[in-house]
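Novice: A structural model of the following input is requested.
(one chain, ligands or ions: 3)
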Amino acid sequence: MAAVPVQAIATVLKSPPAEALARIRDAVGAKGVIADATEMAPYLVDERHLYQGRAALVVRPASTAEVAAVVAICAETDIAIVPQGGNTGMVGAATPFEHGGEIVLSLGRMNRVRALDPLNRTITVEAGCILANIQKAAEGADCLFPLSLGAEGTCQIGGNLSTNAGGVGVLRYGMTRDLVLGLEVVLPDGRVWDGLRGLRKDNTGYDLKQLFVGAEGTLGIITAAVLKLFARPREVETAFCAVRDPAAAIELLGRAATGSGDNVTAIELIPRICLDLVLHHVPGTADPLAAPHDWYLLVEFSAGDTGGALRGSLERVLTEAMEAGLVRDATIAASAQQRQVLWRLRESIAEAQKLEGGNIKYDVSVPVSRIAEFIAAGTQAARGAVPGVRVLAFGHVGDGNVHFNLSRPEGADAAAFLGRYEAFNRLIHDIVVRYGGSISAEHGIGRVKRGELARYKPPLELELMRALKKTIDPKNIMNPGKVLAP
Ligand code: FAD
Ligand code: MLT
Ligand code: ZN
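Specialist: Ligands and ions are numbered 1, 2, ... in the order given. Down below sits the predicted model:
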């Protein structure tokens, strides 16, 4: 992928003045800055190792007041800021550009749970809280915070909000956008917007918090959030099924929704190639079924106390699906530990594909009813373009999201395969559009897809996005060059 020329970041200085950097150091204290090259290194490369950036400084403020002070200095002196959470994002949005004139602002030290209100069913957290820690805090109050994804041990809620993360619970609980009630945001001029309201009903004009959700750090820095909590399910039933094909998986989804009384929490499609890569790369994993199959579906039902009826519903749905030829074999987890073993197979796919090397990701969505056709058309096109390409079409199909990932043909050169990125973009994204889909279901745009956004987003939508950006961040200091191409 082509790097952005330095001159394209028009409003941003190439080398921030030493005096401004000294003021930033003073604002956050010695603990709040990293300037040593070795210590800075992990903040300068993205999760997929597509980009190697540089930065004038990595700043790690400990409070909203410190974030506000840093942003005010940057606004005054035209220093661009790249907000960073757990740095697990897939589109290069948290990585500074190569010119080195930006600072990285990492939220990791702001990791307090500020409040938990079990009666209001809300938790108020700082942006740097790791997602798994929020889940644990909710559990401690006998509640559920349902956002769940493979990176949950590392990603931070500020990053989840800024990418509007999806994950495995969207079918039942929605995207991150649906889980937030209030936000605290440091605006690009350094002012703090206190929108930390825990209200489920608030029709007082525009829903400002939603502007910052999914903005990938381009409109402001989220410093805290009020999140919704839910009742913790008392019964959870998980099955790993071999299904005939993706069409059978979608038919099973409908049967599962009806048969469980709308208690399906997750439906995850897994082709054999993904399972093979996990078994090969991830220690301690094993095939859960006796014989290999081409396609699998991880199905989870969850509910309050049904007196064990949920298990009966799952068994009934699977038995009938077997009789109809949709399911070929299945295993149901008999304990929480077995459940984790099954989920580990699914959650390790991203890691296994990374370890395999040379991959191109298409995180796309199409209407659920068109998933099977889309996978067939995409697979045929990809194989036509590069014979031997390995298609990993997996993921959260219950909500229409397919991770249509490509791995280089076995033994092929990784760099040469990545050299085909642009050609694959056109091939796959044109098909996505033909099926009425989106070129980014949950990972966002960042740097990887900003050219694609410019190509596929309707001009009026792009115009409105640019107008918003200009109004809220007129000096273009907030993650410039991400989402919207310069
Ligand atoms: P980062 O990567 O640090 O940042 C992401 C973006 O948010 C950047 O634009 C950054 O500038 C901005 N940002 C971060 N913090 C703030 C803040 N406080 N204020 C303003 N902007 C901020 N994603 C999914 O949606 N679903 C999945 O199922 C999923 N599975 C994954 C599995 C694995 C193994 C991995 C490695 C990643 C996965 N992801 C998934 C991608 C990633 O985990 C999510 O995008 C996550 O939400 C990013 O959070 P983060 O804290 O790592 O953010
Ligand atoms: C997942 O759901 O595992 C990730 O979002 C997919 C990916 O890394 O491509
Ligand atoms: Zn995903």
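
Novice: Is residue 268 in a helix, a strand, or coil?
Specialist: strand (DSSP: H, G, I helix; E, B strand; the rest coil).

Novice: How about it, nearest residue that isn't a chain neighbour?
Specialist: Residue nearest to residue 268 in three dimensions, not counting chain neighbours: residue 298, with 4.2 Å by C-beta to C-beta, 6 or more residues apart in numbering. Where you see a C-beta, it was placed from the backbone N, CA and C, and this is true even at glycine.

Novice: For the host helix or strand of the one you found, which helices and strands make contact with it?
Specialist: Assigning secondary structure by DSSP states H and E places residue 298 in strand 295-303. Helices and strands touching strand 295-303, by 3 or more C-beta pairs under 8 Å, 6 or more residues apart in numbering; DSSP states H and E, are strand 235-243, helix 246-259, strand 264-271, helix 272-281, helix 309-323, helix 336-347.

Novice: run the last query once more with 6 Å
Specialist: For strand 295-303, the packing partners by 3 or more C-beta pairs under 6 Å, 6 or more residues apart in numbering; DSSP states H and E come out as strand 235-243, strand 264-271, helix 309-323.

Novice: quick one: which of these is nearest ligand 2?
Specialist: strand 264-271 (8.1 Å; C-beta to the nearest ligand atom).

Novice: Tell me the residues on the chain that lie near ligand 2, please.
Specialist: 90, 150, 349, 350, 361, 363, 395, 403, 405 (C-beta under 6 Å from any ligand atom).

Novice: Nearest to ligand 2 within the stretch 201-350 of the chain, name that residue for me.
Specialist: Nearest residue of the stretch 201-350 of the chain to ligand 2, counting by C-beta to the nearest ligand atom: residue 350, 3.4 Å away.

Novice: now the angle from the strand holding residue 298 to strand 235-243?
Specialist: If you take axes from the mean of the first three to the mean of the last three C-alpha atoms, to 10 degrees, strand 295-303 sits at 160 degrees to strand 235-243.

Novice: buried set for stretch 138-148?
Specialist: Counting neighbours by 16 or more other C-beta atoms under 10 Å, one finds that the buried residues in stretch 138-148 are 138, 143, 144, 145, 146, 147, 148.

Novice: possible to save these as TSV with pLDDT?
Specialist: Below are those laid out as TSV (pLDDT from 0 to 100):
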residue	pLDDT
138	98
143	98
144	98
145	98
146	98
147	98
148	98
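
Novice: ok, so of those, who is nearest ligand 2?
Specialist: residue 148 (10.3 Å).

Novice: how close does that closest one get to residue 396?
Specialist: As judged by C-beta to C-beta, to the nearest Å, residue 148 and residue 396 stand 11 Å apart.

Novice: quick one, helices of the stretch 101-250 of the chain?
Specialist: Assigned by DSSP state H, counting those that start in this stretch, the helices in the stretch 101-250 of the chain fall at 131-140, 157-163, 170-173, 209-212, 246-259.

Novice: deepest of those helices, which one?
Specialist: helix 157-163 (a mean of 29; mean count of other C-beta atoms under 10 Å).

Novice: for the record, mean pLDDT for that one?
Specialist: Helix 157-163 shows a mean pLDDT of 99.

Novice: what do you get for stretch 201-209?
Specialist: pLDDT averaged over stretch 201-209 gives 97.

Novice: what does stretch 185-193 give?
Specialist: 98.

Novice: all numbers from here: first residue = 767
Specialist: Got it, the first residue is 767 from now on, which makes the last one we talked about stretch 951-959.

Novice: Off-centre distance for that stretch?
Specialist: 24 Å (C-alpha atoms, centre = their mean, to the nearest Å).

Novice: May I see the buried residues of that stretch?
Specialist: 951, 952, 953, 954, 955, 956, 958.

Novice: Show residues contacting it.
Specialist: With C-beta atoms under 6 Å, 6 or more residues apart in numbering as the test, stretch 951-959 has contacts from 830, 833-834, 837-838, 841, 978, 986-989, 1239, 1243-1244.

Novice: Same check on stretch 852-859?
Specialist: Identification of contacts with stretch 852-859 by C-beta under 6 Å, 6+ apart yields 812-813, 816-817, 860, 917, 920-922, 925, 982, 1209-1210, 1212-1215, 1248.

Novice: Now do the same contact list for the closest residue to ligand 1 within the stretch 1017-1166 of the chain.
Specialist: Shortest the stretch 1017-1166 of the chain-to-ligand 1 distance, computed as C-beta to the nearest ligand atom: residue-wise this is residue 1116, at 3.8 Å. By C-beta under 6 Å, 6+ apart, the residues touching residue 1116 are residue 916.

Novice: go on, residue 1129?
Specialist: For residue 1129, the contact set (C-beta under 6 Å, 6+ apart) comprises 1169, 1206, 1207, 1208, 1209.

Novice: Distance of the third one relative to ligand 1?
Specialist: Spatial separation of residue 1207 from ligand 1 under the definition C-beta to the nearest ligand atom, to the nearest Å is 8 Å.

Novice: Any idea how many residues pack against residue 1070?
Specialist: Neighbours of residue 1070 under the rule other C-beta atoms under 10 Å: 11.

Novice: Also near ligand 1: which of the contacts of stretch 951-959, exactly?
Specialist: 987, 988.

Novice: Could I have the buried ones of the contacts of stretch 951-959 as ChimeraX selection syntax?
Specialist: Restricted to buried positions by 16+ other C-beta under 10 Å, the ChimeraX selection for the contacts of stretch 951-959 reads:
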select :830,833,834,837,838,841,978,986,987,988,989,1239,1243,1244
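
Novice: Spatially, what comes nearest to the residue of the chain found nearest ligand 1 if we skip its sequence neighbours?
Specialist: Closest contact between the chain and ligand 1, by C-beta to the nearest ligand atom, is at residue 925 (2.1 Å). Excluding its sequence neighbours, the residue lying closest to residue 925 (C-beta to C-beta, 6+ apart) is residue 851, at 2.9 Å.

Novice: and that neighbour, how many neighbours?
Specialist: Per other C-beta under 10 Å, the neighbour tally for residue 851 reads 27.

Novice: Please apply the same query to residue 1199.
Specialist: 15.

Novice: can you confirm it is in a helix?
Specialist: Yes: judged by three-state DSSP, residue 1199 forms part of a helix.

Novice: State the distance from it to residue 1131.
Specialist: Plainly put, residue 1199 is 12 Å away from residue 1131 if you go by C-beta to C-beta.

Novice: Next, residue 1127: phi, psi?
Specialist: phi -110, psi 130 (degrees, to the nearest 10).

Novice: gap between the nearest residue to residue 1154 once chain neighbours are set aside and ligand 2?
Specialist: Leaving aside its sequence neighbours, residue 1154 sits nearest to residue 1175 (C-beta to C-beta, 6+ apart; 3.2 Å). Going from residue 1175 to ligand 2 by C-beta to the nearest ligand atom gives 19 Å.

Novice: count of neighbours near residue 1175?
Specialist: 15.

Novice: pLDDT below threshold where in the protein?
Specialist: Counting by pLDDT under 70, the chain contains low-confidence residues at 767-780.

Novice: which bits of it sit near ligand 1?
Specialist: When proximity is defined by C-beta under 6 Å from any ligand atom, the chain lies next to ligand 1 at 813, 848-856, 859-860, 873, 893, 915-917, 921-922, 924-926, 928-929, 931-933, 982-983, 987-988, 1116-1117, 1208-1209, 1245, 1248.
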